[in-house]
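Enquirer: Quick one, fold the following:
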Amino acid sequence: MGRVLDYSAALSELENQFGFAQTEIKDPDFHDHVLVDTMTQVLMKSTTQAFREALLGCCVARILDKDIDIRLPYMNQGEYAFNGRTLDEKVINPFLRDKEMPCSKGPYLSALRRNIRLIPETALGLRDKKAFEAMLEFIEHLRSASISDAQAMLRTLLRGFISLRNAASVPLVHVNRLSLDQHIDLARSLLATPSGGLFPVLLCVAALRALDGRFQLGWSIDWQGINVSDAASGVGGDVTVRREGTVLLSIEITERPIDGARVRATFATKIAPSAQNDYIFLHGAAPPTEDARAAARAYFAQGHDISLIDLTAWLVPMLGSIGPAGRSTFTRNIVELLSSVDIKTDMKVAWNDRVRKVITP
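Expert: Alright, predicted model coming up:
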């Protein structure tokens, strides 16, 4: 009795739509369906978490099987019912916890227990009737929606959960001890994580601070956000290393390919005006063009040492040279940098996820 869902497919659908939802929520030009968004806002403001969590399951069930009656979340409720509790326990709740979303132990263990149906009569025994009514209205739109519209409605809910998470405090995972290989794996996974270029900057700063602390170099290491103008801030790069007020080294960190025009523009606007002798471009996987290397060689002949270095190739020997104590300081530095109020929640979640993957066999 009832319809059986493919829980692996359910998780895959949830993960896919979550990826799209993350992109949409960052797009200032994205406009949601007003009615669906209004219902979602009511649900997200409710102190009864069960309604919005169960609704995620209803969306996924509707997408996977159009014949399911999503008003019937218990298998004994008829031929077209589904097992809402099993879907939640196997897919929805683990997904929410993995993404660090505020959630309960499960909707079918709290407000929606005891074989209830998602129909108006159920509201009589519930505390937050306004939120439950919003849930029922959402369900009615969902029942008649096409698959693509149901996916869009699921993304609306997911954006609501993301907003809840962003408004909450996400505790960062602290790690006391990692091997050198684990540190390298962690660094590489963070560098591969979309962050608008911020993770590479944080890794560079954390490594330089660890090097300074390990060998007592007396450095002052300053850094700035990736969207801050170097000229406006009065520095020559993303990261500036000083000792007793004197600039020793400036580093520009870029994920974009470096060509000759980029080197020449940087020289004219940053290196020459402050007479910098040591300037490093730390770049991503795309190698600099031969024109870029030729420009760097030309400026070297004029007394300006401009280096073009792969960030991973720079970071790995750095981690190897500072020893276990230095590497522990390195990870503590990253946690400290991520604890800044200016760091977005999704980066903190990404850190937690990457650390757990590195330390879990």
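Enquirer: Report the backbone C-alpha coordinates of stretch 62-81 in CSV.
Expert: Taking C-alpha atoms only, stretch 62-81 is exported to CSV below (Å, rounded to 0.1, in the frame of the first residue of the first chain):
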residue,chain,number,x,y,z
ARG,A,62,6.0,15.3,-6.3
ILE,A,63,9.0,15.6,-8.7
LEU,A,64,9.9,11.9,-8.6
ASP,A,65,6.4,10.5,-8.9
LYS,A,66,3.6,12.7,-10.3
ASP,A,67,1.0,10.1,-9.1
ILE,A,68,1.8,10.5,-5.4
ASP,A,69,-0.8,12.4,-3.4
ILE,A,70,1.5,14.5,-1.3
ARG,A,71,-1.2,15.2,1.2
LEU,A,72,-0.9,11.6,2.4
PRO,A,73,2.6,11.2,4.1
TYR,A,74,1.9,7.8,5.7
MET,A,75,1.9,4.6,3.7
ASN,A,76,-1.3,3.3,5.3
GLN,A,77,-3.3,6.3,4.0
GLY,A,78,-4.0,4.8,0.6
GLU,A,79,-2.6,3.6,-2.8
TYR,A,80,-1.1,7.0,-3.6
ALA,A,81,0.3,7.8,-0.2
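Enquirer: mind checking how far that stretch is from the chain centre?
Expert: Put simply, stretch 62-81 sits 33 Å off its chain's centre (Cα atoms, centre = their mean, to the nearest Å).
Enquirer: in the stretch 51-200 of the chain, what spans have low per-residue confidence?
Expert: Under the criterion pLDDT under 70, no range of the stretch 51-200 of the chain is flagged.
Enquirer: For it, just list every one of the helices.
Expert: In the stretch 51-200 of the chain, the helices defined using DSSP state H, counting those that start in this stretch lie at 84-87, 93-98, 129-143, 147-167, 180-191, 198-215.
Enquirer: got the ones you listed as JSON lines, with mean neighbour count columns?
Expert: C-betas here are computed from N, CA, C, even on glycine. JSON lines is the format used below for the helices of the stretch 51-200 of the chain (neighbours: other Cβ atoms under 10 Å):
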{"stretch": "helix 84-87", "mean neighbour count": "22"}
{"stretch": "helix 93-98", "mean neighbour count": "17"}
{"stretch": "helix 129-143", "mean neighbour count": "19"}
{"stretch": "helix 147-167", "mean neighbour count": "19"}
{"stretch": "helix 180-191", "mean neighbour count": "18"}
{"stretch": "helix 198-215", "mean neighbour count": "21"}
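Enquirer: Now do the residue lying closest to Pro324 once chain neighbours are set aside against Thr331, distance only.
Expert: Ranked by Cβ to Cβ, 6 or more residues apart in numbering and with sequence neighbours excluded, the top spatial neighbour of Pro324 is Arg177, at 7.8 Å. Plainly put, Arg177 is 9 Å away from Thr331 if you go by Cβ to Cβ, to the nearest Å.
Enquirer: I'd guessed Thr289 sits against Ala261; true?
Expert: No: contact between Thr289 and Ala261 fails when scored by Cβ atoms under 8 Å: they sit 9.4 Å apart.
Enquirer: More neighbours: which of these two?
Expert: Set Thr289 next to Ala261 and count neighbours by other Cβ atoms under 10 Å: Thr289 wins out with 17 against 12.
Enquirer: which phi and psi does that one have?
Expert: phi -70, psi 160 (degrees, to the nearest 10).
Enquirer: Contact partners for it?
Expert: Pro257, Ile258, Asp259, Gly260 (Cβ atoms under 8 Å, 6 or more residues apart in numbering).
Enquirer: Specify which member of those residues is nearest to Arg117.
Expert: Pro257 (57.9 Å; Cβ to Cβ).
Enquirer: Shouldn't Ile280 be within a strand?
Expert: Yes: assessed with DSSP: H, G, I helix; E, B strand; the rest coil, Ile280 lies in a strand.
Enquirer: Test my guess that it contacts Ile309.
Expert: Yes: here Ile280 lies in contact with Ile309, judged by Cβ under 8 Å, at a distance of 6.1 Å.
Enquirer: Can you show me the strands along the stretch 251-361 of the chain?
Expert: Secondary structure of the stretch 251-361 of the chain (DSSP state E, counting those that start in this stretch): strands at 278-283, 305-310.
Enquirer: buried residues in stretch 74-92?
Expert: 74-75, 77, 81-92 (16 or more other Cβ atoms under 10 Å).
Enquirer: correction: stretch 288-295
Expert: In stretch 288-295, counting by 16+ other Cβ under 10 Å, buried: Pro288, Thr289, Ala292, Arg293, Ala295.
Enquirer: quick one: average confidence on that stretch?
Expert: Taken as a whole, stretch 288-295 has an average pLDDT of 96.
Enquirer: Run the chain-centre distance for that stretch.
Expert: Taking mean C-alpha positions (Cα atoms, centre = their mean), stretch 288-295 and its chain are 33 Å apart.
Enquirer: returning to that earlier point: closest one of the buried residues of stretch 74-92 to Gly125?
Expert: Distance to Gly125, by Cβ to Cβ, is smallest for Tyr74 among these, at 15.7 Å.
Enquirer: what's near enough to touch that closest one?
Expert: Going by Cβ under 8 Å, 6+ apart, the list of residues near Tyr74 reads Gly2, Ala81, Asn83, Gly84, Arg85, Asn115, Ile116, Arg117.
Enquirer: among those, which two are most distant?
Expert: Gly2 and Ile116 (15.3 Å).
Enquirer: Asn333 reaches Leu203, doesn't it?
Expert: No: counting by Cβ under 8 Å, Asn333 does not reach Leu203; the two are 9.4 Å apart.
Enquirer: so how many other residues sit close to the residue nearest to Pro324?
Expert: Neighbours of Arg177 using other Cβ under 10 Å come to 10.
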